[in-house]
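Chemist: Okay, predicted coordinates and the sequence, questions at the end:
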Amino acid sequence: MNGTTKPDRGRRTLLVATGAAAGIPALSGAGALLGTLQPSERAKAAGAPVEVDISDLAPGQMKTVEWRGKPVWILRRTPNMLDALKSSTGQLADPDSERNKDEVTPAYARNAHRSIKPDILVAIGICTHLGCSPSEKFSPGAQPSLPDDWAGGFLCPCHGSTFDLAGRVFKNKPAPDNLPIPRHMYASETRIVIGKDESGEA
């Protein structure tokens with residue numbers, strides 16, 4: 001009996017070891033398969049919220065960051081720029097941001113300056129006509145392709161749509177809507193998170 005027990009134990013040990021060894025590649029293969037089903041770091045980053053430091057942004061300056069492949073403008077407006085918003089109201093197609101408001105303007109930006117803080121504009125720099133990127137035209141006064149009473153804003157070079165310093169489109173222009181305001185929030189006095197607000201991620 002002792003003669004048969006020892007070989008049986010040996011066979012059992014060999015079978016367990018062989019099964020375990022065979023299972024390792026299977027598990028690693030399953031892990032690799034699951035890994036391919038997960039979004040890559042690059043894909044996650046493309047849609048993830050972006051945090052921006054605005055401590056170095058002086059009045060009258062604008063910086064551009066990328067979020068979901070789109071240019072997002074952050075403009076620190078001067079008191080004169082804020083005053084200019086009042087002077088252009090009668091010339092705007094949608095001064096109160098009523099058109100497509102759920103898609104274009106979050107509730108907290110449905111005001112005269114279209115922002116959480118009056119001096120900081122956060123807008124997607126893509127014209128709502130055919131997707132060109134408007135140019136900054138902050139200096140007031142007559143300029144090529146702009147009216148003599150221009151108070152400052154943005155000009156789309158493709159088809160001539162103009163927007164004020166809050167991204168609101170002027171009347172009788174090809175662009176149907178104001179420039180979109182992305183969902184955003186302040187992480188601190190000097191840091192803005194784009195792509196996320198109090199209700200969650202965009």
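Modeler: Done, it's in. Residues are numbered from 1 along each chain as shown.
Chemist: Grab the most central residue of this protein for me.
Modeler: Among the residues of the chain, the one closest to the centroid is residue 67, at 3.8 Å (CA atoms, centre = their mean).
Chemist: which residues does the closest residue to residue 175 other than its chain neighbours contact?
Modeler: The shortest distance from residue 175 to any residue that is not its chain neighbour, by CB to CB, 6 or more residues apart in numbering, is 3.7 Å, and that residue is residue 161. To be clear about C-beta, it is placed using only N, CA and C from the backbone, and glycine gets the same treatment. Contact analysis of residue 161 by CB atoms under 8 Å, 6 or more residues apart in numbering lists 127, 128, 129, 134, 155, 169, 170, 173, 174, 175.
Chemist: ok, now how distant is residue 161 from residue 66?
Modeler: Distance from residue 161 to residue 66, counting by CB to CB, to the nearest Å: 22 Å.
Chemist: tell me the domain ranges of the protein?
Modeler: Each domain of the chain is listed here as a residue range: 2-38, 45-201, per automatic domain parsing.
Chemist: Strands along the protein, start to end?
Modeler: Along the chain, counting by DSSP state E, strands occupy 50-53, 62-67, 70-76, 120-124, 135-137, 153-155, 162-163, 184-188, 191-194, 196-197, 200-201.
Chemist: Go through the contacts of residue 161 and say which is closest to residue 92.
Modeler: Within the contacts of residue 161, proximity to residue 92 (CB to CB) peaks at residue 170, which comes in at 6.0 Å.
Chemist: What is the neighbour count of the closest one?
Modeler: 18 (other CB atoms under 10 Å).
Chemist: beta partners of the closest residue to it other than its chain neighbours?
Modeler: By the measure of CB to CB, 6+ apart, the closest residue to residue 170 outside its immediate chain neighbours is residue 162, 4.6 Å from it. According to DSSP bridges, residue 155 are recorded as the beta-bridge partners of residue 162.
Chemist: How about the contacts made by residue 162?
Modeler: 146, 153, 154, 155, 156, 169, 170, 173.
Chemist: Quick check: the fifth one vs residue 127, distance?
Modeler: Counting by CB to CB, the gap from residue 156 to residue 127 is 4 Å.
Chemist: One more: the last one?
Modeler: Plainly put, residue 173 is 9 Å away from residue 127 if you go by CB to CB.
Chemist: And for the fourth one?
Modeler: Using CB to CB, we find residue 155 at a distance of 10 Å from residue 127.
Chemist: Overlap in contacts, these two.
Modeler: Listed as contacting both residue 155 and residue 127 by CB under 8 Å, 6+ apart are 134, 161.
Chemist: Out of the helices and strands in the chain, which is least certain?
Modeler: Ranking every helix and strand in the chain by mean pLDDT, DSSP states H and E puts helix 2-37 at the bottom, with a mean of 48.
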